[in-house]
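[1] output the structure for:
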Amino acid sequence: MELRVLNRREDFIELYLSGVPLYIVNSIRRTIISEVPSMAISTVIFTLNRSMFYDEYVAHRLGLIPLTSEAALNKYKSPEECSESEEASLFPPDCFVKLDLDASNNDGDLRTIYSRDLKSSDPEVRPVYDDIPVLILGEGHQVKLEAYARLGRGKEHYKWSPVSAAAIKYVPEISIDRSRCYSGCRKCIEVCPRNVFKVTNVGVEVNEASVLNCNLCHLCEKVCPSEAITLKTRENEYILRIESTGSLSLKRILLESIKILSGKVSELSKKLEIQGVLK
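    All right, here's what the predicted structure looks like:
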């Protein structure tokens, strides 16, 4: 198995994996999306809403605000351990974080309420970004509410997923039949959107420095008049791209997904042993 980091930013990582079957890479991807827990607002109680927006609209927007969850994974009960009480007044402190919003507009001009206006009971659980617009208050408008956040998983609702995107890309393998390639044609270079080809003293060649940027559009194959270009995908070689919402670090997301996936495999193995399947 080979693993390389192709590109990395604070909220984005691109990994090259070789020698790993697709079903394993896809299992990691699906676990990242639906199983890794993070904090999100699940319940909103309105004390006062004198605004242009319905309660449901405001609650929906609040639920989609990503919250910092790094410390929360160790401080609060898991989604399975902590189910919401049917009584709205009961929010156990080992499960829920309270975020208050008390905003009004008495200045005459329109006032935008941002995520930074939410006051959290836990400084380690707060909006990841301060400048997310929640609603706009007109003159004389006022909103007062209590929002309760808990740990959840993306399979329950995507607002609990720690990533905005997690995708797998196939690794391309491009070959040029030199005996059939017209050196002066260069049509493949003209149509390629990712600059995968280059011109050398021997003719058109694949630019190895940018071959992984190929988006597998097959335009090079289609426009080649002599059908000299062949585009395939390499077996058991993939690129995994993950973009975080900021609620968890990329390292934590990957480690948690592996831990959860390993736990599921171990649990399945034990159940098979109990049933006598693995004897």
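
[2] can you show me the strands along this protein?
    2-8, 12-18, 38-50, 97-104, 111-114, 119-120, 133-137, 142-152, 163-176, 197-200, 203-206, 229-244 (DSSP state E).

[3] what angle separates the first one from strand 229-244?
    If you take axes from the mean of the first three to the mean of the last three CA atoms, to 10 degrees, strand 2-8 sits at 70 degrees to strand 229-244.

[4] pick the most buried one from the strands of the chain.
    Scoring these by mean neighbour count under mean count of other CB atoms under 10 Å gives strand 142-152 as the most buried, with a mean of 21. C-beta here means a position set from N, CA and C on the backbone, and glycine is covered the same way.

[5] who does that strand pair up with?
    Counting by DSSP bridges, the strands paired with strand 142-152 are strand 38-50 (antiparallel), strand 97-104 (antiparallel).

[6] pull the longest helix from this protein.
    Scanning the chain for the helix with the most residues, using DSSP state H, yields helix 250-274.

[7] which elements pack onto that one?
    With contacts taken as 3 or more CB pairs under 8 Å, 6 or more residues apart in numbering; DSSP states H and E, helix 250-274 sits against helix 22-34, strand 229-244.

[8] okay, the ones you listed in a markdown table with distance to residue 16 and mean pLDDT next?
    As requested, the helices and strands packed on helix 250-274 are arranged in a markdown table below (distance: least, CB to CB, whole Å; pLDDT from 0 to 100):
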| stretch | distance to residue 16 | mean pLDDT |
| --- | --- | --- |
| helix 22-34 | 11 | 97 |
| strand 229-244 | 6 | 96 |
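
[9] out of those, flag the one nearest residue 193.
    strand 229-244 (13.7 Å; CB to CB).

[10] what residues does stretch 168-184 touch?
    Identification of contacts with stretch 168-184 by CB atoms under 8 Å, 6 or more residues apart in numbering yields 16, 18, 22, 25-26, 29, 196, 202-206, 211-212, 214, 216, 220, 224-234, 237-241.

[11] and it, end to end?
    Length of stretch 168-184, first residue to last, CA to CA, to the nearest Å: 36 Å.

[12] for the record, mean pLDDT for that stretch?
    When pLDDT is averaged over stretch 168-184, the result is 88.

[13] mind checking how far the closest residue to residue 250 other than its chain neighbours is from residue 253?
    In space, and not counting its chain neighbours, residue 250 is closest to residue 13: 4.9 Å by CB to CB, 6 or more residues apart in numbering. With the distance defined as CB to CB, to the nearest Å, residue 13 ends up 9 Å from residue 253.

[14] list residues touching both of those two?
    residue 242.

[15] how is this structure partitioned into domains?
    2-34+167-241, 38-160 (automatic domain parsing).

[16] how far does the shortest one sit from the chain's center?
    So that's domain 2-34+167-241. Remark: domain 2-34+167-241 is offset 23 Å from the chain centroid, using CA atoms, centre = their mean, to the nearest Å.

[17] start and end of it, how far apart?
    The straight-line separation of the ends of domain 2-34+167-241 (CA to CA) is 16 Å.

[18] for the last one, same thing?
    Between the opening and closing residues of domain 38-160 there is a gap of 5 Å (CA to CA).

[19] pLDDT on that domain, on average?
    Averaged over domain 38-160, pLDDT sits at 93.

[20] partners of residue 112 in the sheet?
    residue 136.

[21] identify the residues contacting it.
    Counting by CB under 8 Å, 6+ apart, residue 112 makes contact with 133, 135, 136, 137.

[22] for residue 261, same thing?
    For residue 261, the contact set (CB under 8 Å, 6+ apart) comprises 27, 28, 31, 35.

[23] from the contacts of residue 112, pick the one nearest residue 245.
    The closest of the contacts of residue 112, once distances to residue 245 are taken by CB to CB, is residue 133, at 16.7 Å.

[24] what's near enough to touch that closest one?
    For residue 133, the contact set (CB under 8 Å, 6+ apart) comprises 112, 113, 114.

[25] which non-adjacent residue is nearest the last one?
    Closest residue to residue 114 in three dimensions, ignoring its sequence neighbours and counting by CB to CB, 6+ apart: residue 131, at 5.6 Å.

[26] repeat that for residue 224.
    By the measure of CB to CB, 6+ apart, the closest residue to residue 224 outside its immediate chain neighbours is residue 188, 5.9 Å from it.
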